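*Asks:* Sequence and computational prediction follow.
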Amino acid sequence: VTLGIYSAWAKVRNNRYFYSNLYLDGESFRYLADPITILKSRIIAVVVFAAFIILSELFPLAGLALVLALMAVTPLLVVRSLAFNHRMSAYRNIQFRFAASYGEAVMAVLVWPTLGVLTAGLLYPYAIRKSSEFIVRNSRYGTADFDFEATTWDYGRIFLVFLGVLMAT
C-alpha cells in the first residue's frame, strides 16, 4: 500500500530494537540511522534501476554497457554501504567505521568470488575468507582496528562438511 516508503522506518525501528537488546559487558549497542537518509538512498536506487531497465529494453547494446558500468561501480557501492552501516552503529557512544580502497573492494567483491566459481568451487573457501577478511580488517571501533586470523582451512572444513551433508542427502 505504501510502496515500501515506510520500510525505511521499519528498518530503523527493527535495528534499534535489536541493537538495544544486544549487550556486551553490560552495555547495549545503538543504531543511529535516520529513516529519511535510508529512504533517499532507496529512491535513488529505484530510479537508477528503472532507468537501467528502460534503457536496456529500448537499446540492448546500451544495456550491455550499463551492466559493465554496474559491475565497475558495485565495489564502490559495497564500500559505501558498509561504511554507512558501520557509522550508524555505536557501542558506548563510540561509532564503528569502515574504510577500504576501491582495489580491495574489487578483489573481495568481484575477483575472488569469480575465481571461486570458475574453479568449480575449489577456490571458494579462499574467496569467502578473503571477503570476510576484507570486511573485518577494514572495520574500526573508534580508532581501534579489528584483526582477522581465520585460515582458508577453517573455511574449507565448513565447505567440506556442507558438501558431505549435501552428498549424504
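*Replies:* That came through, no problem.
*Asks:* pLDDT of the longest helix along the chain, averaged?
*Replies:* Longest helix in the chain, counting residues (DSSP state H): helix 60-87. For helix 60-87, the mean pLDDT works out to 94.
*Asks:* Give me the distance between it and the centre of its chain.
*Replies:* Relative to its chain's centre, helix 60-87 lies at 12 Å (Cα atoms, centre = their mean, to the nearest Å).
*Asks:* which strands and helices sit next to that helix?
*Replies:* Helix 60-87 makes packing contacts with helix 35-58, strand 94-98, helix 102-106 when contacts are defined by 3 or more Cβ pairs under 8 Å, 6 or more residues apart in numbering; DSSP states H and E. Heads up, the C-betas are built off the backbone N, CA and C, glycines and all.
*Asks:* Can I get these in JSON lines including mean neighbour count and distance to Arg157?
*Replies:* Shown next, in JSON lines, are these (neighbours: other Cβ atoms under 10 Å; distance: least, Cβ to Cβ, whole Å):
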{"stretch": "helix 35-58", "mean neighbour count": "13", "distance to Arg157": "37"}
{"stretch": "strand 94-98", "mean neighbour count": "17", "distance to Arg157": "28"}
{"stretch": "helix 102-106", "mean neighbour count": "15", "distance to Arg157": "26"}
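*Asks:* Export the ones you listed to JSON lines and append columns for distance to Trp153.
*Replies:* Formatted as JSON lines, those follow (distance: least, Cβ to Cβ, whole Å):
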{"stretch": "helix 35-58", "distance to Trp153": "38"}
{"stretch": "strand 94-98", "distance to Trp153": "27"}
{"stretch": "helix 102-106", "distance to Trp153": "23"}
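*Asks:* mean pLDDT lowest for which of these?
*Replies:* Across the helices and strands packed on helix 60-87, the lowest-scoring stretch is helix 35-58, with a mean of 93.
*Asks:* Fine by me, thanks again.
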